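[1] next input, structure requested:
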Amino acid sequence: MEIDDFIIAIEEEFDNLNPGDVSPNSVFRNMEGWSSMHALIFVALIDSKYDVLLNGDELKSCVTINDLFDITRLKLNGGAAKA
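    The predicted model follows:
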């Protein structure tokens, strides 16, 4: 699992994002039109693509795309994420 592939999956999921709009340091809550629906889309995307289920506390603890990537990678590799 690589950060570039993770970002591509995010950019493909959201209609208002173009390739290159998102970087590892992007604060996802600052994305245009961010809402709780976007949070659900992130959770569903990560669950369907990586078979990793993030809980609310884990999502709240993330600020950047890289934070989401790190917690997803940790759980994918069998580690328990710290909330």
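[2] switch to C-alpha atoms for all contacts and neighbour counts from now on
    OK.
[3] remind me which residues of the protein are low pLDDT?
    Across the chain, residues meeting the criterion (pLDDT under 70) sit at 79-83.
[4] which stretches in it count as helices?
    Taking DSSP state H as the criterion, the chain contains helices spanning 3-13, 36-50, 56-61, 65-76.
[5] which neighbouring elements make contact with the longest one?
    The reference is to helix 36-50. Helix 36-50 sits against helix 3-13, helix 65-76, with contacts defined as 3 or more CA pairs under 8 Å, 6 or more residues apart in numbering; DSSP states H and E.
[6] deepest-packed of those helices, please.
    Across the helices and strands packed on helix 36-50, averaging neighbours per residue (mean count of other CA atoms under 10 Å) puts helix 65-76 on top, at a mean of 19.
[7] in TSV: the helices and strands packed on helix 36-50, plus distance to residue 45.
    Shown next, in TSV, are the helices and strands packed on helix 36-50 (distance: least, CA to CA, whole Å):
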stretch	distance to residue 45
helix 3-13	8
helix 65-76	11
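[8] closest to the centroid, which residue in this protein?
    With distances taken as CA atoms, centre = their mean, the residue of the chain nearest its centroid is residue 68 (4.4 Å).
[9] residue contacts, that one?
    59, 62 (CA atoms under 8 Å, 6 or more residues apart in numbering).
[10] that older thread, dump the helices of the chain to TSV, plus distance to residue 28.
    Formatted as TSV, the helices of the chain follow (distance: least, CA to CA, whole Å):
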stretch	distance to residue 28
helix 3-13	10
helix 36-50	9
helix 56-61	11
helix 65-76	6
